[in-house]
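# okay, structure incoming, though there's no sequence with it:
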Ligand SMILES: [Zn+2]
């Protein structure tokens with residue numbers, strides 16, 4: 001029998017009651033709450049902000065500001081990756097085990113792999129991942145990160161799922177997109193929970209490119225492709241299996257990008273034999289290879 005006298009709620013009931021009463025208080029004052037925020041939003045829209053152009057990628061500490069101060073960076077390369085068929089992954093009932101294990105294996109691996117290419121920022125979004133590269137060899141690092149992720153997806157994730165999970169498990173794997181351009185950034189929110197906002201086309205476009213890609217594919221905008229197009233290690237295959245390097249990019253269209261819809265698609269992954277050499281060369285800033293002729297555009 002409980003030692004709590006009748007009529008006196010225990011600790012759990014007390015905290016629930018408190019929670020409900022706070023919610024009830026808000027509900028009674030919802031008009032006042034919305035009026036307050038209306039006025040705040042009106043002020044925000046009418047008041048100038050300071051935009052600081054910077055060549056140096058700001059740290060997260062830099063991004064926190066009580067003031068209306070934003071940083072603007074050019075030449076930011078955004079990589080977005082998400083899981084194919086993730087809406088088909090249920091976390092209800094008995095499926096919670098396999099789906100949660102997949103997130104551990106897929107999202108966890110993706111973060112660890114991408115981090116090796118020293119992005120200036122990396123975060124998990126939903127069950128996918130998003131990284132920003134800036135500064136030295138930003139395009140090359142972003143490209144190598146993207147290819148590494150799609151290689152992992154095809155070489156490990158798909159066969160492991162086939163081997164370890166039942167046939168009914170949805171076909172999945174990473175879809176990768178890359179875009180570049182100007183970003184503005186600031187940490188926004190209430191104290192203690194503020195998160196950086198990265199606003200601008202690169203992030204948006206990278207997400208749309210990833211959305212269009214199939215699993216194990218990488219889609220880049222034409223701007224990103226142009227930046228990589230004079231690098232023989234990126235434009236042509238290693239030559240396996242017959243020794244003849246071939247162009248590896250094909251045209252694709254990402255309709256959601258409107259007039260920027262024409263993009264480039266990469267299906268190939270790091271070669272088991274030459275992957276180390278190629279990734280190393282690209283990250284060393286090398287561009288020319290014997291036996292690959294640059295075709296004039
Ligand atoms: Zn090879």
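Done, it's in. Just so it is clear, the model here is predicted, and its values are computed rather than measured.

# contacting residues around residue 76?
With contacts defined as Cβ atoms under 8 Å, 6 or more residues apart in numbering, the neighbours of residue 76 are 57, 132-134, 138, 180-183, 200, 202. (Glycine included, C-beta is placed from N, CA and C.)

# distance check, it against residue 160.
Per Cβ to Cβ, to the nearest Å, residue 76 is found 33 Å from residue 160.

# now residue 37
For residue 37 relative to residue 160 (Cβ to Cβ), the value is 48 Å.

# quick check on these two: which one has the bigger neighbour count.
Taking other Cβ atoms under 10 Å, residue 37 and residue 160 do not tie; residue 160 has more neighbours (13 against 10).

# wait, that one touches residue 105, no?
Yes. In this structure, residue 160 is within contact of residue 105 by Cβ atoms under 8 Å, at 7.2 Å.

# for the stretch 151-297 of the chain, which segments count as strands?
For the stretch 151-297 of the chain, the strands defined by DSSP state E, counting those that start in this stretch occupy 174-188, 195-199, 218-221, 249-253, 262-266.

# where among those is average confidence lowest?
Sorting the strands of the stretch 151-297 of the chain by mean pLDDT places strand 195-199 lowest, at a mean of 88.

# elements contacting it?
Secondary-structure packing of strand 195-199 (3 or more Cβ pairs under 8 Å, 6 or more residues apart in numbering; DSSP states H and E): strand 174-188.

# just to revisit the earlier point, which of the contacts of residue 76 tops the neighbour count?
Busiest of the contacts of residue 76 [other Cβ under 10 Å] is residue 133, holding 30 neighbours.

# show me what contacts that one?
76-79, 117, 119-120, 139, 141-142, 145.

# next, residue 138: phi, psi?
Torsion angles at residue 138 (phi, psi; degrees, to the nearest 10) stand at phi -60, psi -40.

# what is the neighbour count of the residue of the stretch 51-200 of the chain at minimum distance from the ion?
The ion sits closest to residue 151 of the stretch 51-200 of the chain, with a gap of 12.4 Å, by Cβ to the ion. Other residues within reach of residue 151, judged by other Cβ under 10 Å, total 21.

# repeat for residue 28
Residue 28: 10 neighbours (other Cβ under 10 Å).

# now it: how far from residue 252?
Distance from residue 28 to residue 252, by Cβ to Cβ: 54 Å.

# host element of the residue lying closest to residue 54 once chain neighbours are set aside?
In space, and not counting its chain neighbours, residue 54 is closest to residue 71: 5.3 Å by Cβ to Cβ, 6 or more residues apart in numbering. Following DSSP states H and E, one finds residue 71 within strand 69-83.
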